[in-house]
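Peer 1: Just the structure for this:
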Amino acid sequence: MKVKKIINNNIVKSVDSVGNEVLVMGKGIGFQKKVGSEINDQLIEKVYTSNKEISSNKLIQMLANIRLEHVQVANEIISFAKVSLGKKLSENIYFTLTDHIDYAIERHQQGIPIKNALLWEIKRFYNHEYLIGKEALAIIEKRIGIVLPEDEAGFIALHIVNAELDMSKVSQVAEMTQIIQNIVNIIKYHYKMDLDEYSLNYERFITHLKFFVQRLFSGVELEGDEDAGFLFMLKEKYKDEYTCALRVRDYILKEFGRDLKEDEMIYLTIHIKRITKTK
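Peer 2: Model (predicted):
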């Protein structure tokens, strides 16, 4: 790649092998370079490509105004998250998490703490992501020497969940967390019991709810082949579980104006049966 434009000593604009305009980041990558100069591959730390949500100009503005060490620490955290989760994350996390970490450090230095009202729920519903958030705080302390509060581990976890599900806004993840909490509360209230939050069935149920709420936001419905006969059999065999599922359906209908289809009711009933372990 060749230098198309120098943004600063650490960021240059270039064009990749397929003709896409990209930003190339690396310590000293633009130092004493000229337009048309070859980019030293050994200095490249990250190549950023603009997309429909983040334009090239917005990307330049963001990266040019964020300290290099903040960008580097965000990249390290994202790399750790990918390895820990064993899955791909939306590329937008490189922009959203970098911006958040930079702002979080700035707020901390100015003595402006922000409480995470969903921290308790995040620990319960996104425990893996929360633990990554805790490791992120350790990385920030090691690389920058700043100790951020536990609340930030929760905020970082939400960014990771957002990137896992490829949702458009972190605020949607926060709303999703509240919806999951409400559904769990409906089940606990119906059975007048606490649920085993450390069981495999509970973990599977929460995973199901994450993708259920994602479908709720996007307007996508399950495409299954379950027939009315199977649902009727399920209603007869698991009457109480189905009654509880109806309560969840009423909540969704009231809050979002969407009626749950047969496939959703079947999965919900089965999951309720598993997590309540009723006979």
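
Peer 1: biggest helix in this structure by residues?
Peer 2: If you go by DSSP state H, the chain has its longest helix at helix 170-191.

Peer 1: doesn't residue 22 fall inside a helix?
Peer 2: No - applying DSSP: H, G, I helix; E, B strand; the rest coil, one finds residue 22 to be strand, outside a helix.

Peer 1: mind giving me the domain ranges of the protein?
Peer 2: Per the record, the chain has its domains at 5-64, 68-166, 179-276, by automatic domain parsing.

Peer 1: Redo those domains as TSV? Include distance to residue 172, mean neighbour count and mean pLDDT.
Peer 2: Where you see a C-beta, it was placed from the backbone N, CA and C, and this is true even at glycine. Shown next, in TSV, are the domains of the chain (distance: least, C-beta to C-beta, whole Å; neighbours: other C-beta atoms under 10 Å; pLDDT from 0 to 100):
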stretch	distance to residue 172	mean neighbour count	mean pLDDT
domain 5-64	14	15	81
domain 68-166	7	18	91
domain 179-276	6	16	85
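
Peer 1: With respect to residue 173, which of these lies nearest?
Peer 2: For the domains of the chain, the distance to residue 173 is smallest for domain 68-166, at 4.8 Å, taking C-beta to C-beta.

Peer 1: Residue 147 in helix, strand or coil?
Peer 2: At residue 147 the chain is in coil, as set by three-state DSSP.

Peer 1: For the residue lying closest to it once chain neighbours are set aside, pull up the helix or strand it's in.
Peer 2: Leaving aside its sequence neighbours, residue 147 sits nearest to residue 141 (C-beta to C-beta, 6 or more residues apart in numbering; 5.3 Å). Per DSSP states H and E, residue 141 falls inside helix 127-144.

Peer 1: Which strands or helices does that helix pack on?
Peer 2: Counting contacts by 3 or more C-beta pairs under 8 Å, 6 or more residues apart in numbering; DSSP states H and E, helix 127-144 packs against helix 68-85, helix 93-109, helix 119-125, helix 150-165.
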